[in-house]
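Q: requesting a structural model of the entry that follows:
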Amino acid sequence: MAGLESQLKKLEAAHCKKKFQGQVSSVAVRVQLDAAIEFALEGDVLVTTKLD
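A: Down below sits the predicted model:
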């Protein structure tokens, strides 16, 4: 198991309720990261497995 599938399993193991996923180049705008930050409310915890 590698890449995105492995990261999603880690998020499931951490009991994350909402998952945002995206695969973009290191210089691209990270639309899904921006969406996750917008979605988060005060007191929420934002969990990432890998930001390359």
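
Q: measure the closest residue to A35 other than its chain neighbours to A28 for me?
A: Setting aside the residues directly before and after it, A35 is nearest to F20 in space (Cβ to Cβ, 6 or more residues apart in numbering), at 5.6 Å. Heads up, the C-betas are built off the backbone N, CA and C, glycines and all. Distance, F20 to A28, using Cβ to Cβ, to the nearest Å: 15 Å.

Q: ok, those two, which is more surrounded?
A: Legend: neighbour count by other Cβ atoms under 10 Å for F20 and A28, higher for F20 (17 against 9).

Q: so what's that one up against?
A: F20 is in contact with 32-33, 35-36, 39, counting by Cβ atoms under 8 Å, 6 or more residues apart in numbering.

Q: repeat that with 6 Å
A: Residues near F20 by Cβ atoms under 6 Å, 6 or more residues apart in numbering: 32, 35-36.

Q: mind listing the helices in this protein by residue range?
A: Applying DSSP state H to the chain gives helices spanning 3-13, 31-39.

Q: for the ones you listed, which has the smallest mean pLDDT value?
A: Across the helices of the chain, helix 3-13 has the smallest mean pLDDT, namely a mean of 90.

Q: what about A36, neighbour count?
A: 19.

Q: any idea how far L8 is from it?
A: Distance from A36 to L8, by Cβ to Cβ: 14 Å.

Q: then L46?
A: 16 Å.

Q: looking at the two, which is more packed in?
A: Taking other Cβ under 10 Å, L46 and L8 do not tie; L8 has more neighbours (15 against 11).

Q: and that one, how far from V47?
A: 12 Å.

Q: swap in V31?
A: 18 Å.

Q: got it, and Q21?
A: 12 Å.

Q: okay, now the closest residue to L11 other than its chain neighbours: neighbour count?
A: Of all residues beyond its chain neighbours, the one nearest L11 is K19 (5.5 Å), with distances taken as Cβ to Cβ, 6+ apart. Neighbour count for K19, taken as other Cβ under 10 Å: 12.

Q: and for L11?
A: The burial count for L11: 17, using other Cβ under 10 Å.

Q: now do the one 5 residues further on
A: For C16, the neighbour count with other Cβ under 10 Å is 15.
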